[in-house]
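Colleague: Give me a 3D structure for the following:
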Amino acid sequence: YSSAYFYPLGVARLLGSPRVEERDGIMEGDTLSLFFDADRSMNRAEMHGHASMVYTPKDSVKAGERSTVRGDHLTLEFGPLRAERVVVFGNATSEYRPSPADSSSGAGVNSARGDSITIQLGDDGVETVRVAGNAEGVYRFVNRKGGSPADTSAREETVSYGAREVLYSLADRTVDLEGDARLEYGTLNLTAGKVKFFADSRYLEAEDEPTLVDSSGGGQQVTGEHMDYSLESQEGNIDGGLTRAEDGFISSDRLRKIGDTQFIARGGSYTTCDLAGEGKDPHFRFQSSRMRIYLEDKVVARPVTLYIRDVPVFMVPFYVFSIRRGRQSGFLTPSLDFGFGSTGPGFSNLGYYWATNEYADLTGWVDYRSDRDVLTGWLRGNYAVRYLMNGTVQVGRTFGNSSARLDVTGAHTMSLGSWRLTGRAEFR
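Modeller: Coordinates of the predicted model:
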């Protein structure tokens, strides 16, 4: 070790990997500078190079608690009675471990890193930890709900997070994420402008365009204006919610997530118009005061009113929209043309699909074009036996414009050993 004291400047410097120990902690690094005021009271200590500080309170209430911070440069600031703040710059990391005696459900190990870390100290030790610049961290729960630190059967629960700035408060065990916030828990991935996570209740609040994605539900994505969500019960509310359902979009004034597979929408609407996905008003929508959404299955709404722009067209007591993937019987989603192009108003694909069995299906639908004043009804059947044969038969009947027309087409393909037979037929 070597040391020097610059009296006029009120600075003392220790070289050679100095180590400072006191009752509740240890500070280490390559070089230590101590700064004194005019009354010869130390007001600041700076550790340069491989700086670290470990805080382990010895009082009975927090015995076993441990806070560690490391970085390229560490500054410890003193007030009139005690140390008040720790600031770390360059490759800054911190870790907080609760006391083994802490049996609360929110107790956990919080590890974080960033460009800088500021630790605010109070009379009872560490109060807050602020991480700024490329902040990220992991919160690992050490207890289950109603468990204890000694309960080794508890599965490890982790919450990974990141933001431009993170504030961790020990008193109420909250984590505030500000700016490009992201949080991951199990299969859930949340992004937003701001997120507040409450460790004790496994609860979070998000605002500024929150987006929640659940990879267990096929990557189901929900966006909104404000969101609150319980990680434990997997229930939450989304104000101004919007989610994609197969080929359409479901939006609502308030969307409530229930478990893994259900939503309840208040003041909801369903549309297949692509404008809804761009955050714009769709050309048409099915509006309902209450919807229940079963992911990858169906949407049950009651009552339902069809709106074209903001004009109500018709209403039914209830309606079921299928949002399943793959083959299943149900009503087809019609496409509406409001005549903004050259074809004039009309509709298409208004009908029903019947999955008769695993080898065949039958679809019936109606198309209408006002520019030609024609209505066409279609009936199409498909059949397929894997590795053996497949085919289709379609019949169309057109009415209007002082004429009627019948179209019949069919195709059949069959495999016979190394031979492949194909046949096509048309009648018009």
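Colleague: Counting neighbours, what do you get for R44?
Modeller: 16 (other Cβ atoms under 10 Å). Quick note: C-beta positions are derived from backbone N, CA and C, even for glycine.
Colleague: who does the host helix or strand of it pair up with?
Modeller: R44 is part of strand 42-55 when elements are defined by DSSP states H and E. When pairing is defined by DSSP bridges, strand 42-55 lines up against strand 25-28 (antiparallel), strand 31-36 (antiparallel), strand 66-78 (antiparallel).
Colleague: got those as a markdown table, with distance to T271 and mean pLDDT columns?
Modeller: Output for those, formatted as a markdown table (distance: least, Cβ to Cβ, whole Å; pLDDT from 0 to 100):
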| stretch | distance to T271 | mean pLDDT |
| --- | --- | --- |
| strand 25-28 | 61 | 88 |
| strand 31-36 | 66 | 89 |
| strand 66-78 | 52 | 91 |
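Colleague: hmm, back to that, buried set for the strand holding R44?
Modeller: Going by neighbour count (16 or more other Cβ atoms under 10 Å), the buried part of strand 42-55 is 44-47, 51-55.
Colleague: circling back: which one of the strands paired with strand 42-55 has the most crowded surroundings?
Modeller: strand 66-78 (a mean of 20; mean count of other Cβ atoms under 10 Å).
Colleague: Can you give the distance from that strand to the centre of its chain?
Modeller: Computed by Cα atoms, centre = their mean, to the nearest Å, the chain-centroid distance of strand 66-78 equals 33 Å.
Colleague: Would you mark the buried spots in the one helix or strand N110 maps to?
Modeller: Taking DSSP H and E as the criterion, N110 maps to strand 108-122. For strand 108-122, a neighbour-count test (16+ other Cβ under 10 Å) marks 108, 110-119, 121 as buried.
Colleague: okay, the buried residues of strand 42-55 in a markdown table with distance to S329 next?
Modeller: A markdown table is the format used below for the buried residues of strand 42-55 (distance: Cβ to Cβ, whole Å):
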| residue | distance to S329 |
| --- | --- |
| R44 | 75 |
| A45 | 75 |
| E46 | 74 |
| M47 | 72 |
| A51 | 68 |
| S52 | 66 |
| M53 | 67 |
| V54 | 66 |
| Y55 | 65 |
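Colleague: of all those, which two lie farthest apart?
Modeller: The most widely separated members of the buried residues of strand 42-55 are R44 and V54, with 19.4 Å between them, by Cβ to Cβ.
Colleague: got any ranges where the protein has weak pLDDT?
Modeller: Within the chain, the ranges that satisfy pLDDT under 70 run 1-7, 59-62, 143-156, 217-219, 246, 325-326, 338-343.
Colleague: give me the number of residues near the nearest residue to L188 once chain neighbours are set aside?
Modeller: Nearest residue to L188 in three dimensions, chain neighbours excluded: D214, at 5.7 Å (Cβ to Cβ, 6 or more residues apart in numbering). Under the neighbour criterion other Cβ under 10 Å, D214 is assigned a count of 20.
Colleague: So what pairs up with D214 in the strands?
Modeller: Beta-bridge partners of D214, as defined by DSSP bridges: L188, Q220.
Colleague: again, but for E28
Modeller: Beta-bridge partners, per DSSP bridges, of E28: R19, S52.
Colleague: same thing with G377?
Modeller: V366, R397.
Colleague: need the contact list for it.
Modeller: By Cβ atoms under 8 Å, 6 or more residues apart in numbering, the contact list for G377 reads 364-366, 396-397, 399.
Colleague: any idea how far E358 is from it?
Modeller: In this view, G377 and E358 are 27 Å apart by Cβ to Cβ, to the nearest Å.
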